[in-house]
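**Student:** Give me the fold of what follows.
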Amino acid sequence: MLCLSERALEMLGTPDAIDVAGAQWLEAERLQPWSDARRFEGHEFHPGLRLALGAACDYALAVDPARIARQNARVRQRLAQALQERFGWQPLEAGLPDRSALLTYRLPEAFGDGAAFVRRLADAGVHASFVGPQHARWALEAAGLPGVLRLTPHYLTDEDEIARLVEAIETHESPRPPLTLFHRHPKRRQA
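**Tutor:** Numbering: from 1, shown residues only. Predicted coordinates for the structure are as follows:
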């Protein structure tokens, strides 16, 4: 987080380059920098994230990337199967190679605000995210979607965590049409 005085903000003006963290989309081809110090923050270049990435790479190499890939494919298949069996949901990636455990689902309008739905899942202990136009404007517009719910299990995701997601959706499901999902981080275990 960057904090700057009003005088410093005025003196620094607008950065030469901005990214999705430093601005908001106003329309398809126009970004508006934030008026506060957020306009100087870079979404992709956080030093702590770089250190964490190095540690994650070391850990993945110790576990064996091929083993992780096989387990990710099993977890992805099991999660997609559970949501298909219980709710009839199909991931947007249906038919594509299992290159990651990531699954994305369309959120029907009847479920309302995707960010609010993700907060309800969080209240039930399920980590998920709603990806809207701020982070995927062109892809969403091309697909005719206002946003997507994203689930991202990984090789440590177990059956209990998948069951918790299904239960959280059942608990928060109202008499509305079934949801089709885009980003979920199951509760992570400490290594």
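**Student:** can you map out the helices along the protein?
**Tutor:** Across the chain, reading from the start of the chain, the helices by DSSP state H fall at 6-12, 47-63, 65-87, 114-123, 133-143, 159-172.
**Student:** now those helices as CSV including mean pLDDT, mean neighbour count and distance to residue 37?
**Tutor:** For the C-beta atoms, the positions are set from N, CA and C on the backbone; glycine is no exception. Formatted as CSV, these follow (pLDDT from 0 to 100; neighbours: other Cβ atoms under 10 Å; distance: least, Cβ to Cβ, whole Å):
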stretch, mean pLDDT, mean neighbour count, distance to residue 37
helix 6-12, 85, 10, 7
helix 47-63, 90, 10, 17
helix 65-87, 92, 16, 38
helix 114-123, 89, 16, 23
helix 133-143, 88, 14, 18
helix 159-172, 88, 16, 36
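**Student:** And those helices: which comes nearest residue 152?
**Tutor:** For the helices of the chain, the distance to residue 152 is smallest for helix 65-87, at 9.6 Å, taking Cβ to Cβ.
**Student:** what are the C-alpha coordinates of that closest one, in CSV please?
**Tutor:** Provided in CSV are the C-alpha atoms of helix 65-87 (Å, rounded to 0.1, in the frame of the first residue of the first chain):
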residue,chain,number,x,y,z
PRO,A,65,5.7,-31.0,-11.1
ALA,A,66,4.6,-34.2,-12.9
ARG,A,67,3.0,-35.5,-9.7
ILE,A,68,1.3,-32.1,-9.1
ALA,A,69,0.0,-32.0,-12.7
ARG,A,70,-1.5,-35.5,-12.3
GLN,A,71,-3.2,-34.7,-9.0
ASN,A,72,-4.4,-31.3,-10.3
ALA,A,73,-6.1,-33.1,-13.2
ARG,A,74,-7.8,-35.5,-10.8
VAL,A,75,-8.9,-32.7,-8.5
ARG,A,76,-10.2,-30.7,-11.4
GLN,A,77,-12.2,-33.7,-12.7
ARG,A,78,-13.6,-34.5,-9.3
LEU,A,79,-14.7,-30.9,-8.6
ALA,A,80,-16.3,-30.5,-12.1
GLN,A,81,-18.0,-33.9,-11.6
ALA,A,82,-19.4,-32.9,-8.2
LEU,A,83,-20.8,-29.6,-9.6
GLN,A,84,-22.2,-31.3,-12.6
GLU,A,85,-23.9,-34.1,-10.6
ARG,A,86,-25.4,-31.8,-8.0
PHE,A,87,-26.3,-28.7,-10.0
